[in-house]
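In: Mind folding the following:
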Amino acid sequence: MPETCLYRGEVVHRRLNPLRHELRYRVFNLFADVDRLGDTASGLRLFSYNRFNLFAISDRSHGPGDGTPVRDHAWALARRAAGGSAVTRIFMFCYPSVLGYVFNPLTVYYGYDAGDRLRLMIYEVNNTFGGRHSYVIPVGENFAQSAPKTFFVSPFNAVEGKYGFRFSPPGRTMALGIVLSVEETPVLNAYVTGTRVPLSDGTLARAFLGLPFLTLKVIAAIHLQALGLLWKGLRLNKRPHGPNHTVDILPEVSPKR
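Out: Residues are numbered from 1 along each chain as shown. Here you go, the predicted structure:
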């Protein structure tokens, strides 16, 4: 059964083509019921919802970024998706803000039905230019999904190719992997793994002491990686202009044969 918690683990990001480069760092993520963010915050001193604190979740850091509640945003996307009518609970997996600052390269929403089966995934991708895009994908039988890349993320990658997602339902541990391929050639892959710990003021304090300023570390790692890729000779792609928040609703997954 899914439950609100922290996941402590690791992120690995590997560029495979046209050159090899790897980034690896420790992280912790919040896994929280979007319908109970206020209740979760009311029971903790170090975590708040839409208020400044050591850790917090803000509506403006997700979805359209205009203050639409995370709950309303996630449920609106779920209702538009194939099979979304079966979803009864939605959990978000993300970095909380630390002392008011956050950058989430990826927030993942897990949609469960009444039997606690995963029925829907929402991948909310952010780039460092203020853009945000959500891929809404029904869950098939083998916890593998794909989607065409339609959003500009890194200036080192054009808007082309497709993503492959593989994941396990979050439990005592969690894992999520993403591969970007162009014409069947893997360009990069990334994955996050974690082990569940209860969400409490004690675990939040230990998370901060173990990884202070996590979200600054994430954005610093992204820019350091960019400098490394420039040093290695990788060329930049021009950023296209478009809306700041876009959505792709993917069709229903065919049954496994």
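In: so where's this structure uncertain?
Out: Flagging of the chain using pLDDT under 70 yields the residue ranges 240-243, 252-257.
In: Return the set of buried residues in stretch 88-95.
Out: Neighbour counts over stretch 88-95 (16 or more other Cβ atoms under 10 Å) mark 89, 90, 91, 92, 93, 94, 95 as buried. For the C-beta atoms, the positions are set from N, CA and C on the backbone; glycine is no exception.
In: Might you calculate how far that stretch sits from the centre of the chain?
Out: 10 Å (Cα atoms, centre = their mean, to the nearest Å).
In: Just after the longest helix seen in the chain, pick out the following helix or strand.
Out: Taking DSSP state H as the criterion, the chain has its longest helix at helix 214-231. Per DSSP states H and E, helix 214-231 leads on to strand 245-249 as the next helix or strand towards the C-terminus.
In: That next one pairs with which strands, and in what direction?
Out: strand 132-138 (parallel) (DSSP bridges).
In: returning to that earlier point: what helices or strands is the longest helix of the chain leaning on?
Out: Secondary-structure packing of helix 214-231 (3 or more Cβ pairs under 8 Å, 6 or more residues apart in numbering; DSSP states H and E): strand 21-33, strand 97-98.
In: Switch those strands over to TSV; also include mean neighbour count.
Out: TSV is the format used below for the helices and strands packed on helix 214-231 (neighbours: other Cβ atoms under 10 Å):
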stretch	mean neighbour count
strand 21-33	18
strand 97-98	21
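In: Check the spacing between the nearest residue to residue 238 once chain neighbours are set aside and residue 15 real quick.
Out: Leaving out its chain neighbours, the residue that sits closest to residue 238 by Cβ to Cβ, 6 or more residues apart in numbering is residue 155, at 7.9 Å. Distance, residue 155 to residue 15, using Cβ to Cβ, to the nearest Å: 13 Å.
In: With neighbour numbers in mind, choose between those two.
Out: residue 15 (24 against 18; other Cβ atoms under 10 Å).
In: ok, now how distant is the more buried one from residue 231?
Out: Distance, residue 15 to residue 231, by Cβ to Cβ: 13 Å.
In: quick one, helices of the stretch 1-150 of the chain?
Out: Counting by DSSP state H, counting those that start in this stretch, the stretch 1-150 of the chain has helices at residues 37-42, 70-80.
In: Can you say which of these is packed in most?
Out: Among these, the stretch with the highest mean neighbour count (mean count of other Cβ atoms under 10 Å) is helix 70-80, at a mean of 18.
In: what's the angle from it to strand 245-249?
Out: Between helix 70-80 and strand 245-249, the angle comes out at 40 degrees (axes from the mean of the first three to the mean of the last three Cα atoms, to 10 degrees).
In: how much does helix 70-80 deviate in direction from strand 21-33?
Out: Using the same axes, to 10 degrees: helix 70-80 against strand 21-33 is 100 degrees.
In: Who is residue 14 paired with across the strands?
Out: Here residue 14, judged by DSSP bridges, has bridge partners residue 22, residue 189.
In: what's near enough to touch it?
Out: By Cβ atoms under 8 Å, 6 or more residues apart in numbering, residue 14 lies in contact with 20, 21, 22, 23, 188, 189, 190.
In: again, 10 Å this time
Out: Counting by Cβ atoms under 10 Å, 6 or more residues apart in numbering, residue 14 touches 20, 21, 22, 23, 24, 179, 186, 188, 189, 190, 191.
In: do the same with residue 189
Out: By Cβ under 10 Å, 6+ apart, the contact list for residue 189 reads 12, 13, 14, 15, 16, 164, 177, 178, 179, 180, 181.
In: And it, how close does it get to residue 102?
Out: Residue 189 sits 24 Å away from residue 102 when distances are taken as Cβ to Cβ.
In: Good, wrapping up.
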